[in-house]
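Colleague: how would this look folded up:
(one chain, ligands or ions: 4)
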Amino acid sequence: MSSSSYEKELAAAKKAASLAARLCQTVQKALLKSDIQSKADKSPVTVADYGSQAIVSLVLKMELPSEKFSLVAEEDSADLQKDESQETLKRITDLVNDTFSSEGTYSISVSEEDVLAAIDSGKSDGGPHGRHWVLDPIDGTKGFVRGDQYAIALALLDEGRVVLGVLACPNLPFTSIANLDGHSSENQIGCLFSAQTGCGAYMQLLHEPSAAKISVCTTENPADASFFESYEAAHSLHDLSSAIAKKLGVQAPPVRIDSQAKYGALARGDGAIYLRFPHKGYREKIWDHAAGSIVVTEAGGIATDAAGNNLDFSKGRYLDLDTGIIVTNKKLMPSLLSAVQEAIREQTQSASHM
Ligand SMILES: Nc1ncnc2c1ncn2[C@@H]1O[C@H](COP(=O)(O)O)[C@@H](O)[C@H]1OP(=O)(O)O
Ligand SMILES: [Mg+2]
Ligand SMILES: [Mg+2]
Ligand SMILES: [Mg+2]
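Modeller: Ligands and ions are numbered 1, 2, ... in the order given. Presented below is the predicted three-dimensional model:
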């Protein structure tokens, strides 16, 4: 395996995610109720989701002009094309231009049409062949709106495998959040995680150049382990996680934070386990796990579904998986997997006896 083959792409991804993070930080600071639109699925979509997606798409194209560009991204411009969205589109375009000019690397000015086109270049279906960028422009929208954790998550698939990933987490403290529920009095806030296949995982302060290698917590003893889960109970079954933690012998209460910041925090050892069990019928999307999973695996961890299968990013926009996603270090995985399967069996049995 050539370890330097994605160097250029990784550098471009870090630039793109950092610049998108600037835009998101600007918006989160100024967040007003009127920034939230309702999408068909009722999830709040802000000007920042669109702005972030446009910036990442524009930066990747400028940085890698000779590469064929395919992007699988969460948002599309359908709602923005509507008459009532004129004002929103203008605000997004201004935000994108203000972000470019305040950062200073690119002296460009984009039009509303450029913004729509940049957003809609994210309509690729991905799949097992060729290279595809995978983007969640704001992961953890609920956290973003609340003023809590969120991430800009960008990864590259090559022949169906994740080969690099970047997670910008603008509100994540630079030092451990173990036992802090995502908050801290620390004044250094904002992390950029990055990983390239075969080369390890790194973290740096967002907007600062020097990166340090990170690794997962290697405890084998569940009593010393703490676990992450969604802040939102609607996103993951908290009861099931607590049953699993109890079976394993985990003592600490769950650390609940939004977004793929959980993968970043786990990759640097703030906690040892991440449990995610969406409600029945929810289908996981590749942009919600691609970047996070390579950051964790390059830091020495593993991410699988509840049956122990590796996550397969080659099937298109969705992940096709059994029941849930579990992430931990290699030593804890076997006992975690048994606890997960036992807890799921018991839950199914008790449901069938009701
Ligand atoms: N009902 C749901 N169940 C599970 N995940 C969801 C649900 N609705 C949205 N999500 C997505 O889950 C991810 C965040 O979950 P969490 O913060 O709990 O880890 C986000 O990608 C969010 O989308 P989005 O990117 O639009 O925020
Ligand atoms: Mg969303
Ligand atoms: Mg998401
Ligand atoms: Mg999102």
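
Colleague: Output the contacting helices and strands for the longest helix along the chain.
Modeller: The residue-count maximum for a helix in the chain (DSSP state H) belongs to helix 7-29. Under the contact definition 3 or more C-beta pairs under 8 Å, 6 or more residues apart in numbering; DSSP states H and E, helix 7-29 sits against helix 47-63, helix 86-103, strand 131-139, strand 151-158, strand 161-173, strand 189-196. Quick note: C-beta positions are derived from backbone N, CA and C, even for glycine.

Colleague: switch the cut-off to 6 Å
Modeller: If contacts are counted by 3 or more C-beta pairs under 6 Å, 6 or more residues apart in numbering; DSSP states H and E, helix 7-29 sits against helix 47-63, helix 86-103, strand 151-158, strand 161-173.

Colleague: Could you say which of those is packed most deeply?
Modeller: Stretch with highest mean neighbour count among those: strand 151-158 (a mean of 28; mean count of other C-beta atoms under 10 Å).

Colleague: picking that back up, close to ligand 1, is the longest helix of the chain?
Modeller: No: Helix 7-29 stays out of contact with ligand 1 when judged by C-beta under 6 Å from any ligand atom, the minimum separation being 12.3 Å.

Colleague: what is the mean pLDDT for that helix?
Modeller: In this model, helix 7-29 carries a mean pLDDT of 96.

Colleague: That one near ligand 4 anywhere?
Modeller: No: judged by C-beta under 5 Å from the ion, helix 7-29 makes no contact with ligand 4; its nearest approach is 10.9 Å.

Colleague: residues from the chain in reach of ligand 1?
Modeller: 43, 74, 136, 139-141, 143, 230, 232, 234-235, 258-259, 278, 282, 288.

Colleague: If we use 8 Å, what do you get?
Modeller: Residues of the chain lying near ligand 1 by C-beta under 8 Å from any ligand atom: 41, 43, 45, 49, 74, 136, 138-144, 149-150, 229-232, 234-236, 257-260, 262, 276, 278-279, 282, 284-285, 287-288.

Colleague: Can I get the buried part of the residues you listed as one PyMOL selection?
Modeller: Command for PyMOL that selects the buried part of the residues of the chain next to ligand 1, burial taken from 16 or more other C-beta atoms under 10 Å:
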select buried, resi 45+49+74+136+138+139+140+141+142+143+144+149+150+229+230+231+235+236+257+258+259+260+262+276+278+284+285+287+288
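
Colleague: Within reach of ligand 4, which of the residues of the chain next to ligand 1 are there?
Modeller: Applying C-beta under 5 Å from the ion to the residues of the chain next to ligand 1, one finds that 74, 136, 138-139 fall near ligand 4.

Colleague: Quickly list what the residue of the chain found nearest ligand 3 is bridged to.
Modeller: Taking C-beta to the ion, ligand 3 has its nearest neighbour within the chain at residue 139, 3.7 Å off. On the basis of DSSP bridges, residue 139 is bridged to residue 151.

Colleague: do you know how far it is from residue 245?
Modeller: 24 Å (C-beta to C-beta, to the nearest Å).

Colleague: Skipping its backbone neighbours, what lies nearest residue 301 in space?
Modeller: In space, and not counting its chain neighbours, residue 301 is closest to residue 216: 4.2 Å by C-beta to C-beta, 6 or more residues apart in numbering.

Colleague: Next up, the contacts around residue 130.
Modeller: Taking C-beta atoms under 6 Å, 6 or more residues apart in numbering as the contact definition, residue 130 lies against nothing.

Colleague: and the gap between whichever residue of the stretch 1-150 of the chain sits closest to ligand 1 and residue 68?
Modeller: Nearest residue of the stretch 1-150 of the chain to ligand 1: residue 141, at 3.6 Å (C-beta to the nearest ligand atom). Distance of residue 141 to residue 68, computed by C-beta to C-beta: 30 Å.

Colleague: returning to what we had before: please name whichever of the helices and strands packed on helix 7-29 is nearest to residue 192.
Modeller: For residue 192, the closest of the helices and strands packed on helix 7-29 is strand 161-173, at 5.3 Å, according to C-beta to C-beta.

Colleague: Those residues of the stretch 101-250 of the chain touching ligand 3, which are they?
Modeller: 136, 139.

Colleague: The spatially closest residue to residue 267 that is not a sequence neighbour - how many residues pack around it?
Modeller: In space, and not counting its chain neighbours, residue 267 is closest to residue 299: 3.8 Å by C-beta to C-beta, 6+ apart. Residues contacting residue 299 under the criterion other C-beta atoms under 10 Å number 25.

Colleague: that older thread, now, the residues of the chain next to ligand 1 that are in helices?
Modeller: Filtering the residues of the chain next to ligand 1 for helices - DSSP H - leaves 49, 141-144, 262.

Colleague: Report the contact partners of the nearest residue to residue 258 once chain neighbours are set aside.
Modeller: Spatial nearest neighbour of residue 258, chain neighbours left out: residue 143 (2.7 Å); criterion: C-beta to C-beta, 6+ apart. Residues near residue 143 by C-beta under 6 Å, 6+ apart: 149-150, 258-259.

Colleague: Nothing else from me, thank you.
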